[in-house]
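Enquirer: Provide a 3D model corresponding to the input given below.
(4 chains)
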There are 2 protein chains.
Amino acid sequence: MPMDDAQHEYVDKVATFFTMFGSARAWAEILGWLMICEPAEQTQAEIADDLGLSAGTVSTQLRSHVQLGMVEQVRVRGDRTQRYRLRPGAWYAVMASELERIRALGELARAGDLVLPRDRPERVTELGDLADFFAREWPPLMERMTAELEKGTA
Amino acid sequence: MPMDDAQHEYVDKVATFFTMFGSARAWAEILGWLMICEPAEQTQAEIADDLGLSAGTVSTQLRSHVQLGMVEQVRVRGDRTQRYRLRPGAWYAVMASELERIRALGELARAGDLVLPRDRPERVTELGDLADFFAREWPPLMERMTAELEKGTA
DNA sequence: GCATGTTTTCAGTATTGCCTGAATCCATTG
DNA sequence: CAATGGATTCAGGCAATACTGAAAACATGC
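Expert: Residues are numbered from 1 along each chain as shown, chains lettered A, B, ... in the order given. As a prediction, the model looks like this:
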């Protein structure tokens, strides 16, 4: 099913938002389209056609989405075509994975101990304290988030 | 004061980390250097010299840091040269400003109401719920973070 | 207000990374 | 196991962006 005007506008809005943070245009457009397309499951050919992207681009960017855990593939028996859809709970998964990045920031701060400056060493230690704080707070926050989700779904 | 080997290695580590998220190499190197240089206050010429960057690059990227609130300028009386340093609490400020991005995500979800798909509408609403949750949780989290900071500083 | 040194601007260059399209690879069905 | 059609790969073109270097603009101290 091709896009109507309102849908096109929304895909564009999503694309504009995410390209602001450095993601590729095609990557963001695919994400936006997978949020609102019907049915939710789409083939690569359909996505390429609806968004006016080449097969290669869709293949590459879709894999990126899959690796990031935002999109999953679904197999339909009796049809050799693979279908792709936004993963249920995709947004929550992204937030949960934030913990890894927090930890990486902590590592970066700790690596700075070797070159800790005499003058205002808190330039480095502050970052470490921050990472520690979030590493502690994030898991319970994620639990509360999940609880909230259950409530909404139930 | 020029960099020694350990410092060079650390600047490189910071640069590698941040370029992974799409920032310019020079931008990240300046950030890394401002975290560990002595004294903490540096002139554009010193930064350019220490990092082997052109005057133009330092001027541009440094302004970016200032606009993002990571770096501030300090004026020294009797010296016409401007000095730059990592802003105290810079990392905390970045975390605090995250709230704006959460709100923007919420807006994006709400804009999706106009094209809400019949099939699995939660693809859009889920994002809105998530943004609402974080918009509620973020301010108290920031307060706890600040309290933590005070404790460490005191 | 002038001289001096610093910062900014900007045109040109290099680099990076996206996107395309066609050829190749692969999986599935009958 | 052959035939069919979807998915992936990759070389090449292109657009966007980073960086340089020098000239212009600016600010400060004298």
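
Enquirer: which outside residues touch the helix or strand encompassing A:Ile47?
Expert: Per DSSP states H and E: A:Ile47 is located in helix A:44-51. Contacts to helix A:44-51, defined as C-beta atoms under 8 Å, 6 or more residues apart in numbering or on different chains, come from residues A:1-3, A:11, A:26, A:29-30, A:33-34, A:37, A:42, A:53-55, A:57-59, A:62, A:81-82, A:84. C-betas here are computed from N, CA, C, even on glycine.

Enquirer: filter these down to the buried ones.
Expert: A:3, A:11, A:26, A:29-30, A:33-34, A:37, A:42, A:53, A:57-58, A:62, A:84 (16 or more other C-beta atoms under 10 Å in any protein chain shown).

Enquirer: could you redo those as a markdown table and give each row pLDDT, secondary structure and distance to chain B?
Expert: Putting the buried ones among the contacts of helix A:44-51 into a markdown table (pLDDT from 0 to 100; DSSP: H, G, I helix; E, B strand; the rest coil; distance: C-beta to the nearest C-beta, whole Å) gives the following:
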| residue | pLDDT | secondary structure | distance to chain B |
| --- | --- | --- | --- |
| A:Met3 | 85 | coil | 9 |
| A:Val11 | 98 | helix | 9 |
| A:Ala26 | 98 | helix | 16 |
| A:Glu29 | 98 | helix | 14 |
| A:Ile30 | 98 | helix | 13 |
| A:Trp33 | 98 | helix | 11 |
| A:Leu34 | 98 | helix | 7 |
| A:Cys37 | 97 | coil | 7 |
| A:Gln42 | 96 | strand | 11 |
| A:Leu53 | 97 | coil | 20 |
| A:Thr57 | 98 | helix | 19 |
| A:Val58 | 98 | helix | 19 |
| A:Leu62 | 97 | helix | 16 |
| A:Tyr84 | 97 | strand | 13 |
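
Enquirer: show me the domain layout of chain A.
Expert: Using automatic domain parsing, the domain parsing of chain A gives A:5-87, A:92-153.

Enquirer: quick one: is the lengthiest helix in chain A near chain B?
Expert: Using DSSP state H to define each element, chain A has its longest helix at helix A:122-153. Yes. Using C-beta under 8 Å from any C-beta of the partner chain, helix A:122-153 reaches chain B at A:122-124, A:126-127, A:129-130, A:133-134, A:137, A:141, A:144-145, A:148-149, A:152-153.

Enquirer: which elements pack onto that helix?
Expert: Judged by 3 or more C-beta pairs under 8 Å, 6 or more residues apart in numbering or on different chains; DSSP states H and E, helix A:122-153 is in contact with helix A:90-96, helix A:98-111, helix B:25-36, helix B:90-96, helix B:122-153.

Enquirer: average pLDDT for that helix?
Expert: Mean pLDDT, helix A:122-153: 92.

Enquirer: so which bits of it are buried?
Expert: By neighbour count on 16+ other C-beta under 10 Å, the buried set for helix A:122-153 is A:122-134, A:137-138, A:141, A:145, A:148-149.
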